[in-house]
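*Asks:* any chance you could fold what I've pasted below:
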Amino acid sequence: FGVLSNVKTDTKPLEFVEDTAVDLPDLPNYIEEFRNLMTEFGQQAVYYAHAGAGELHIRPTVNLKTSEGVKIMRNIAE
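*Replies:* Numbers count the residues shown, from 1 in each chain. Now for the predicted structure:
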């Protein structure tokens, strides 16, 4: 968490997609689908997990200092 919170750019990994529970057999497909979603929005994300339990944490990287970044965050969340 320390490294994530000290990113030196305006685009930060944000906690608005958190604690996703996914059945283990579905986890690879879920990650691939989420990566595709991030590509559609021109964003990246930080992934970390308790993979053995099927719990995935995702932090999309978004710049909330711009109106476009706020719009992208809302669209990703929806």
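
*Asks:* can you give me every residue that contacts Glu15?
*Replies:* Glu15 is in contact with Arg59, counting by C-beta atoms under 8 Å, 6 or more residues apart in numbering. C-beta here means a position set from N, CA and C on the backbone, and glycine is covered the same way.

*Asks:* all helices of this protein, in order?
*Replies:* With DSSP state H applied, the chain shows helices at 2-5, 27-40, 67-77, listed in chain order.

*Asks:* and the second one, what does it pack onto?
*Replies:* Where contact means 3 or more C-beta pairs under 8 Å, 6 or more residues apart in numbering; DSSP states H and E, helix 27-40 is packed against strand 45-50, strand 55-63.

*Asks:* partners of the last one in the sheet?
*Replies:* Which is strand 55-63. If you go by DSSP bridges, strand 55-63 pairs up with strand 11-13 (antiparallel), strand 17-21 (antiparallel), strand 45-50 (antiparallel).

*Asks:* and those, which is most packed in?
*Replies:* strand 11-13 (a mean of 18; mean count of other C-beta atoms under 10 Å).

*Asks:* make CSV out of the helices of the chain and add distance to Thr11.
*Replies:* Output for the helices of the chain, formatted as CSV (distance: least, C-beta to C-beta, whole Å):
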stretch, distance to Thr11
helix 2-5, 12
helix 27-40, 12
helix 67-77, 8
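
*Asks:* tell me which of the helices and strands packed on helix 27-40 lies nearest to Tyr30.
*Replies:* Closest to Tyr30 of the helices and strands packed on helix 27-40, according to C-beta to C-beta: strand 55-63, at 7.2 Å.
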